[in-house]
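>>> Below are the sequence and a predicted model for it; my questions follow.
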Amino acid sequence: MSVDLSVARTFRSRYREVVADRGRLCAGVDPHPELLEQWGLPVSGAGVHAFGEICVEALGPVASVIKPQVAFFETFGSAGFAALESVIAGCRAEGALVIADAKRGDIGSTMAAYGRAWLDPASPLSSDAVTASPYLGFGSLEPAIDLARKTGRCVFALARTSNPEGAPVQLAHRDGVSVAQRIIDAAASANTDGSSTLGVVVGATREHGLDLGGLNGPVLAPGLGAQGASADDLRGVFGGSDLSWLLPASSRAVLRAGPDPQQLRTAYQQARDEVETALGRSIS
């Protein structure tokens, strides 16, 4: 793949621009079977495709960042991936950034292939960012990070996730520094070029005790709504961080307003306004 580095914009510039315009709430697109049924859609590839079309119509023009959960699409095989491709392309065409929530992690040529799948402009799954697991060693992400830097995209490394099972690994210490903090520090080192190619995932459901001050990149914070966190919790959990980089995420709490596109859009905008108010800003 050949990329013209003089043309490619950094992820930092694209992210800052869309968030300034549309706010800091990431909208999850999770076609969970229960939601498909609630929306009156079949639990099938056709149902997921219809679900995705509604989300693109409702959220694409107003959300700054949209995060499809890849697992809920890939469970339907090729039909699910076709629906996912449509969601990614449709949301990006409407001006939203797309984070593919794929949580990929491997080594060498396999990690490079994952990078090409989600970050190569020539791929049908091409997104603005992808979530990735650094738990085979942060260096294992380098092929995806290198591609993201060249194409103005981002890799969100899992650091301190919201699931309780993650604690024994993520909070393990060596020389007084937790694994999660080491991941954040490595991401910060990768961002010293000013591109903000590395983001991290830190759950919004609990205080984490991590130092995010030097990251110079986005912090994806899932957990609003269905997982129990509220907009008012954000300052308490992330108050010591640069809140301009904070990207809270909500999925099912917003999606339950569907299937009517206008009601879904309104639910997103209300949730976004709650986040911006809690963080000291309003969207006109």
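Noted; the coordinates are in hand.

>>> From now on I want contacts and neighbour counts done on CA atoms only, so please keep to that.
OK.

>>> Distance of P168 relative to H208?
Distance, P168 to H208, using CA to CA, to the nearest Å: 14 Å.

>>> next one: T75
32 Å.

>>> Compare the two and say which is more crowded by neighbours.
Comparing T75 with H208 by other CA atoms under 10 Å, the one with more neighbours is H208, at 17 against 13.

>>> can you map out the strands along the stretch 51-200 of the chain?
In the stretch 51-200 of the chain, the strands defined using DSSP state E, counting those that start in this stretch lie at 65-68, 97-104, 129-132, 154-160, 173-174, 177-178, 198-202.

>>> so what pLDDT did L35 get?
On the pLDDT scale, L35 is placed at 97.

>>> what sits against V43?
When contacts are counted by CA atoms under 8 Å, 6 or more residues apart in numbering, V43 touches 33, 36-37.

>>> contacting residues for H49?
Contacts for H49 were tallied using CA under 8 Å, 6+ apart; they are 79-80, 82-84.

>>> Could you export these as CSV, including pLDDT, neighbour count and distance to L243?
Below are the contacts of H49 laid out as CSV (pLDDT from 0 to 100; neighbours: other CA atoms under 10 Å; distance: CA to CA, whole Å):
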residue, pLDDT, neighbour count, distance to L243
A79, 98, 18, 39
G80, 98, 22, 35
A82, 98, 18, 36
A83, 98, 22, 34
L84, 98, 26, 30
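
>>> Keep only those of these that are in helices.
Judged by DSSP state H, those include 79-80, 82-84 as members of helices.

>>> hang on, the earlier thing: relative to V29, tell me which of the strands of the stretch 51-200 of the chain wins on proximity.
V29 lies closest, by CA to CA, to one member of the strands of the stretch 51-200 of the chain: strand 65-68, at 4.4 Å.

>>> strand partners of that closest one, parallel vs antiparallel please.
Within its sheet, and counting by DSSP bridges, strand 65-68 is paired with strand 26-29 (parallel), strand 97-104 (parallel).
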